[in-house]
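Undergrad: quick one, what's the 3D model for this:
(chains A and B)
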Number of protein chains: 2
Amino acid sequence: MSRKRVVAAAQMGPIARSESREQVVRRLLALLAEAKGKGVEFITFPELALTTFFPRWMMEDEAELDSFYEGKLPGPAAAPLFEAAKAAGIGFYLGYAERFVEAGRVRRFNAAITVAPSGEIVGKYRKVHLPGHAEPQPDRAFQHLEKRYFEPGDLGFPVFEALGGRVGMLICNDRRWPEAYRVMGLQDVELVCLGYNTPLDHAGHEPINVLTGFHNALSMQAGAYQNASWVIGTAKCGREEGSLMLADSMIIAPSGEIVAKATTMEDELVTATIDLDMGRPYKETFFDFARHREPASYRLLTERKGAGDMLPPVRGAGID
Amino acid sequence: MSRKRVVAAAQMGPIARSESREQVVRRLLALLAEAKGKGVEFITFPELALTTFFPRWMMEDEAELDSFYEGKLPGPAAAPLFEAAKAAGIGFYLGYAERFVEAGRVRRFNAAITVAPSGEIVGKYRKVHLPGHAEPQPDRAFQHLEKRYFEPGDLGFPVFEALGGRVGMLICNDRRWPEAYRVMGLQDVELVCLGYNTPLDHAGHEPINVLTGFHNALSMQAGAYQNASWVIGTAKCGREEGSLMLADSMIIAPSGEIVAKATTMEDELVTATIDLDMGRPYKETFFDFARHREPASYRLLTERKGAGDMLPPVRGAGID
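TA: Have a look, this model is predicted:
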């Protein structure tokens, strides 16, 4: 039976700080309506899709900070999206800021959920690779305080059954880390959904900044190819509260090829018909992990966190 | 003090089966002489650079097979290369087939060594990711019997001091595996040398074959960028004994950018001036592993070899 699916990256232009969740959800509903007209079965929305990218500001006031997080999802503001998607039979990935209290402790994560076309919430993910810093840096025009406002995700890199295949999730900076894709690849992932907010103006790093679009594509293309999985990368982009963010939402095949790509920095639906079986020839040859991987040689990946000393040469490695 | 170095990928066109090691070494010496004229300090030669790519043939005769391997390196045939390089003050990476007897058992590896400009052999590597198959496949025009003719490397992914920096080695198919680059990245590698023989005609996989050049670049560019290391990839290429092999030797910056590339399928020297400090801004920001990696979430990388079942959801991952 064919496993071809029509999917979309639902790119969003900027969200102003003054924009209410109700206003944002109306934009998401418009993208959903366009998707329905195009026969789309699954949409990837961006990271933190319900509000402006708030980690750009230092906030001392706890209530102000909390205003950017969701408690229960869907709450009243997002409920119309969940209802309309279910009515349309369209599944989706949605990034949001998650806040809850556990044993008297406030927990905050940069999270995403996957909702099946049936309306069932099939999976949750919490961003593992938090970029930026925990303390404000006075010389920056915009902060990047994800390490202050979120804990690193504690759910691993889960893969779920959806769309008749195996679906995983990443969030933004995760896409630069091959470890993240591979943990899902080892669960035979077939589609990775990934939303991002990627400022183009990291202070003091111009030679890196100018390559942001290249690095975005390179990381996702390599992750797709090396795990023979589809990747849908969706941006929130454009000049948001003065901070310019990368667009370049794209759908990438298990071959690493970009098959569809946004051309604006606004709300834009990018669609493609993807065959979940396309990765199979790769998984049976070059990336038949069971035949080719050598985990005994990979121990440093989990034994060491940071870069450090060179390992001493293995016994018998002399040149004789 | 500047750590700029002039380096080269010394691409080789085909080596006929009838070509003697002495003839091959004369070609290597010509490339070395050209490199000397261009102020090159370090050369990366290809994988299995002293003979034709013999894993394309099934050989039952042990003596015939052994004729493609080196015992001591340099042996008499390769000695002039080592001597000329030392005299020129040029270091190099050289791929070769390694054979020795240990405790009565014949050991065979697809190996490479790094020789410093001083002439000192500073490191050895044995290919970890062996592609292909162990049993001949009668429907193939050319076999790919690396899994028959070599053991997987048992030296890990070592990194060595050379050129005033940290140098690591990979061989051919290793370049598709992010684990390989990362184990070296965790040792703060600054330059990865990599030789390859990459047939363009894997029987029955046309949709993959046509992307061979793209996948070659994508894999090396991602490995370079994600570990903020230079990569020198050097092909043996062209139509060798009827089998067409990829050229596209290239030098890749820690930004992932290709800074020099071969344009022929013949013996060709590709040079670039590389700054070993260029990776530093990446290693101090996006790829400051100590700040950003989360090894507790990577356990599957070493716990599992092949792709398998989805992990059960982590406790508390419910959507509430």
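
Undergrad: how about the residues of the stretch 1-150 of chain A that lie near chain B?
TA: A:72, A:73, A:100, A:113, A:121, A:123, A:124, A:128, A:129, A:130, A:131 (C-beta under 8 Å from any C-beta of the partner chain). For the C-beta atoms, the positions are set from N, CA and C on the backbone; glycine is no exception.

Undergrad: for the residue nearest to residue A:54 when sequence neighbours are not counted, what is the enclosing helix or strand?
TA: In space, and not counting its chain neighbours, residue A:54 is closest to residue A:68: 4.4 Å by C-beta to C-beta, 6 or more residues apart in numbering or on different chains. In the assignment (DSSP states H and E), residue A:68 maps to no helix and no strand.

Undergrad: also residue A:28?
TA: helix A:21-37.

Undergrad: now do the buried residues in that helix.
TA: In terms of neighbour count (16 or more other C-beta atoms under 10 Å in any protein chain shown), helix A:21-37 has its buried residues at A:21, A:24, A:25, A:27, A:28, A:31, A:32, A:34, A:35, A:36.

Undergrad: and that helix, what does it pack onto?
TA: Packed against helix A:21-37, as judged by 3 or more C-beta pairs under 8 Å, 6 or more residues apart in numbering or on different chains; DSSP states H and E, are the following elements: strand A:4-11, strand A:42-44, helix A:79-88, strand A:268-275.

Undergrad: tell me the most buried of those?
TA: A comparison of the helices and strands packed on helix A:21-37 by mean neighbour count, using mean count of other C-beta atoms under 10 Å in any protein chain shown, puts strand A:42-44 on top with a mean of 28.

Undergrad: how close does residue A:96 sit to residue A:251?
TA: 22 Å (C-beta to C-beta, to the nearest Å).

Undergrad: between those two, who's got more neighbours?
TA: residue A:251 (27 against 24; other C-beta atoms under 10 Å in any protein chain shown).

Undergrad: check contacts around residue A:81.
TA: A:25, A:28, A:29, A:32, A:74, A:94 (C-beta atoms under 8 Å, 6 or more residues apart in numbering or on different chains).

Undergrad: I'd like those as a markdown table, with pLDDT and distance to residue B:302 appended.
TA: Output for those, formatted as a markdown table (pLDDT from 0 to 100; distance: C-beta to C-beta, whole Å):
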| residue | pLDDT | distance to residue B:302 |
| --- | --- | --- |
| A:25 | 98 | 43 |
| A:28 | 98 | 40 |
| A:29 | 98 | 45 |
| A:32 | 98 | 41 |
| A:74 | 93 | 38 |
| A:94 | 98 | 32 |
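
Undergrad: and the pLDDT at residue A:318?
TA: On the pLDDT scale, residue A:318 is placed at 53.

Undergrad: if you could redo that for residue A:254, that was the one I meant.
TA: For residue A:254, the predicted pLDDT is 98.

Undergrad: residue A:136 touches residue A:144, doesn't it?
TA: No - with contact defined as C-beta atoms under 8 Å, residue A:136 does not count as touching residue A:144 (10.0 Å).

Undergrad: mean confidence for stretch A:48-62?
TA: 97.

Undergrad: I'd assumed residue A:125 was in a strand, is it?
TA: Yes - counting by DSSP: H, G, I helix; E, B strand; the rest coil, residue A:125 is part of a strand.

Undergrad: for residue A:289, what are phi and psi?
TA: When quoted as degrees, to the nearest 10, the phi and psi of residue A:289 stand at phi -60, psi -40.

Undergrad: nearest spatial neighbour of it, chain-adjacent residues omitted?
TA: In space, residue A:289 is closest to residue B:306, 4.6 Å off (C-beta to C-beta, 6+ apart).

Undergrad: re the thing from before, residue A:136 and residue A:144: which is more packed in?
TA: Per other C-beta under 10 Å, whichever of residue A:136 and residue A:144 has more neighbours is residue A:144, with 22 against 14.

Undergrad: and the residues of the stretch 1-150 of chain A next to chain B, which are buried?
TA: A:73, A:113, A:121, A:123, A:124, A:128, A:129, A:130, A:131.

Undergrad: how about the nearest residue to residue A:235, chain neighbours excluded?
TA: Nearest one to residue A:235, counting by C-beta to C-beta, 6+ apart, is residue A:249 at 4.7 Å.
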